[in-house]
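Engineer: quick check, what structure comes out for this input:
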Amino acid sequence: MQMEFAPPNVNLRKLKHFIDIRDLTLFIGGDNHVTKGRFYSLWRNGNFLVVQADPWTRPGVDYSGCHEDALRFKQEYREYTYLVEVIQSMADTIEFGRFNWAHLVRQKDSSYRLVYKTRNCIQNLDVWTKVVELDDIEMVRFVTSQQWEGVWNGMDVDLWIGWDDSWGEWVTLESQGHKIMQSLGLGHYTFEVLAHVSKNGMIIGLMTEPILGRPVILSDRAAVYEAVADLQRHGVLIRGLTHQQIHVTGEGIRFTSISSLVLYRNHDELAKEAEWCYWRELDLIFGDMANLANNTILVGSRYLPSNTIVLPRVPSPHRPLPFAPEQAMLRFVLSIYSSDTFLHNHWQSLFDQVKPRRKTAPFNSRHSQQLRYCKLPIAPVDEDGVEPPEAVEQTVSDEPLVVTQLRVSKARSHPYRQATSKKLLLGSDEGCNPQLTLVPVRRGHPTSRHSLAL
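Structural biologist: Numbering: from 1, shown residues only. I've put the predicted structure just below:
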């Protein structure tokens, strides 16, 4: 149950069985761009909002390759996650529904406020199929800001959302590519576009059938070559085609991410381009099949873990800190994300450090080609990646320190372990450096893990 609250398997359908998801604020993705700014995509009650803040950079620092070597840019990561906490503190006052964009402005007294606006990130889109309102789609899972999964008319669907200018342009080109494929009778080589998705009168993305399949293997060579040859015969060139875009399904070969599709009228010119974009690339793919077999992540959300984080509500005088184990887990997950540990590891590697007590369903049990088991994450380590020492300085008190733990109803399991009995922290004689030991009151309870040396 615990890891339903953390990546890689946050799923709204499962989450609502443990907590009330109404008015729940989700941080579903974003971007930390060195020139454009810091972006945070939020979701609540069927509405999404992009929060934009000014970029944070250090003078004289070369940011080329910043996405490949995140450890060099630890301070930038801290500044990015700091604003996640700022947004969390503002969650009760954030307005969802009327607008889709907001600028986070820092005021003179160092407080923050949001300036809202409506922004259309998808321009010049030719609407060639039906339009479905986002409110008519039940959201199930958010993988990134642009890749969502849901249910429409009882059917599982994938959504590609143009949440910023770059992805808005991609959605426009992807829609155009699908339109060309459909017009040439080549739609069976793609995952069908079911509709354009709209919100508040604006087109915000595409809805397709679920992108599911497996990577190519050596025995698929003839089928892949025949499919690509068929595309070329119809004058279609998908520039930059890679093995990650080729899916093997029960209906045959399918291609994804066709935003780079170009239709040629001159087949001689196409043949020259295809020599590099098609045939040379296919030779490389099937010539290096032994290496690619273990390193292929296909384009599509259902092959990827979720990056969604729940932003728990901040306690206030009229709303005290809740002691429910679910709320404790939400705060724990956010603390991991905000820590430097997350730079050294991604979610799955953090979870892998602790062996699960039992195997649970994968994050997508209905399409379980790749099993991903939920595991409990360890607590964050310190900045240098070294676990804190066992010996911790404590203030010596004249009175014995009584350490108690909240009792939790047996009907609801605790995120870590069940409550233990009251324990006494006893000191030695006065006037000397004491050796403190955590001693259980109840007999027979193990004490080896609770020793605290000073």
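Engineer: so how many other residues sit close to the closest residue to residue 262 other than its chain neighbours?
Structural biologist: Spatially, and ignoring its direct neighbours in sequence, residue 262 is nearest to residue 237 (4.9 Å; Cβ to Cβ, 6 or more residues apart in numbering). Every residue, glycine included, has its C-beta placed from N, CA and C. Residue 237 has 20 neighbouring residues, counting by other Cβ atoms under 10 Å.
Engineer: then residue 161?
Structural biologist: 27.
Engineer: can I assume residue 256 is in contact with residue 193?
Structural biologist: No: counting by Cβ atoms under 8 Å, residue 256 does not reach residue 193; the two are 11.6 Å apart.
Engineer: any stretches of the stretch 51-200 of the chain with poor pLDDT?
Structural biologist: Counting by pLDDT under 70, the stretch 51-200 of the chain has low-confidence residues at 65-71.
Engineer: which residues in it form strands?
Structural biologist: Remark: strands assigned in the stretch 51-200 of the chain by DSSP state E, counting those that start in this stretch are 101-106, 112-117, 131-133, 138-142, 147-152, 155-161, 193-199.
Engineer: and residue 22, helix, strand or coil?
Structural biologist: coil (DSSP: H, G, I helix; E, B strand; the rest coil).
Engineer: from residue 140, how far off is it?
Structural biologist: Distance, residue 22 to residue 140, by Cβ to Cβ, to the nearest Å: 16 Å.
Engineer: element containing residue 50, please.
Structural biologist: Residue 50 is part of strand 47-53 when elements are defined by DSSP states H and E.
Engineer: any idea of the pLDDT on the residue nearest to residue 239 when sequence neighbours are not counted?
Structural biologist: Residue nearest to residue 239 in three dimensions, not counting chain neighbours: residue 260, with 4.2 Å by Cβ to Cβ, 6+ apart. Per-residue confidence (pLDDT) for residue 260: 94.
Engineer: one more: residue 14?
Structural biologist: 78.
Engineer: surely it forms part of a helix?
Structural biologist: Yes: according to three-state DSSP, residue 14 belongs to a helix.
Engineer: Serialize the strands of the stretch 51-200 of the chain to a markdown table and add fields for distance to residue 307.
Structural biologist: Output for these, formatted as a markdown table (distance: least, Cβ to Cβ, whole Å):
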| stretch | distance to residue 307 |
| --- | --- |
| strand 101-106 | 20 |
| strand 112-117 | 23 |
| strand 131-133 | 25 |
| strand 138-142 | 8 |
| strand 147-152 | 10 |
| strand 155-161 | 14 |
| strand 193-199 | 20 |
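Engineer: which one, of those strands, ends up nearest to residue 92?
Structural biologist: Nearest to residue 92 among these is strand 112-117 (12.3 Å), distances taken as Cβ to Cβ.
Engineer: who's in contact with the nearest residue to residue 33 once chain neighbours are set aside?
Structural biologist: Of all residues not flanking residue 33 in the chain, residue 55 sits nearest, at 6.4 Å (Cβ to Cβ, 6+ apart). Residues in contact with residue 55 (Cβ atoms under 8 Å, 6 or more residues apart in numbering) are 33, 34, 35, 36, 37, 38.
Engineer: and the gap between residue 55 and residue 197?
Structural biologist: Distance, residue 55 to residue 197, by Cβ to Cβ: 29 Å.
Engineer: next: residue 297.
Structural biologist: On the measure of Cβ to Cβ, residue 297 and residue 197 end up 25 Å apart.
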